[in-house]
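Visitor: Just need the structure, nothing else, for what follows:
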Amino acid sequence: MNILILGRGKTGSLVADVARQRGHQVNVFGSAENPKASALTAGKLASVDTVIDFTNSLAVLEHIEACIAAGTNIVVGTTGWYTELARVRKTVEQSEIGFLYGANFSIGVNLFFDVARGAAAALQHQYFGQIFERHHVEKKDAPSGTALTLQEIIENASGAELEITSFREGDVVGMHELVLDSPSDTIYLCHDAKSRRGFADGAVRAAEWLVGKKGFFDFKDVWRQL
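Guide: Model prediction:
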């Protein structure tokens, strides 16, 4: 598969390494090669099977729109743009591309989501809940997309909207905690990423899964099929 990766940051670079290790042809564009999505023309994307985006919330919407216009599938790992999710979904569904996004491409985090969904029942039994998330100081969006997804899962399962507390410190890859407290006991659920490898591997597998598919997909709904 011919993959174009957008983003030369720590995660984007690791995605490129993983994709090459899995036998794919890989090109990488940073912001210098692709200002205002100018490199994402139909002609330049004609030989690209899938674009994988790990850039930033200011650029990603332009990248998505360019891929839709070119008819090229895209996997989006960038967060911080979800206020535009409904609009993007509508546009994708009117197009002929496959689109897959995820707040987190780690298999471990998605298992964590499933455990948290079950634990949300505690909120109907006199437990009080909170969400804490920690990331490196360079991460711009707060709360993280993962924390917002966790909040949504808990709300859908229990009807309770939990407060999110965000920390930006050092080089923390990503830690997410769900704390459920009652007068009798406290339940702690935590996912602590040791490296970005899990994110990168999941993103490449998502791109492989998307081949031949059209439509709008959320990684948390399809990861078991990978």
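Visitor: residues of the helix or strand harbouring residue 154 that come out buried?
Guide: Residue 154 is part of helix 145-158 when elements are defined by DSSP states H and E. Using 16 or more other Cβ atoms under 10 Å as the test for burial, helix 145-158 gives 145-151, 153-154, 157-158. Glycine gets a C-beta too; all of them are placed from N, C-alpha and C.
Visitor: Over to stretch 96-107?
Guide: 97-107.
Visitor: what do you get for stretch 89-96?
Guide: 91-92, 95.
Visitor: now it: mean pLDDT?
Guide: For stretch 89-96, the mean per-residue pLDDT is 96.
Visitor: what's next to that stretch, contact-wise?
Guide: 65, 68, 71, 99, 214-216 (Cβ atoms under 8 Å, 6 or more residues apart in numbering).
Visitor: Most neighbours among these, which one?
Guide: In terms of neighbours by other Cβ atoms under 10 Å, the contacts of stretch 89-96 top out with residue 99 at 24 neighbours.
Visitor: what secondary structure does that residue sit in?
Guide: strand (DSSP: H, G, I helix; E, B strand; the rest coil).
Visitor: gap between residue 192 and residue 10?
Guide: 17 Å (Cβ to Cβ, to the nearest Å).
Visitor: Confirm that residue 129 sits in a strand.
Guide: Yes - per three-state DSSP, residue 129 lies within a strand segment.
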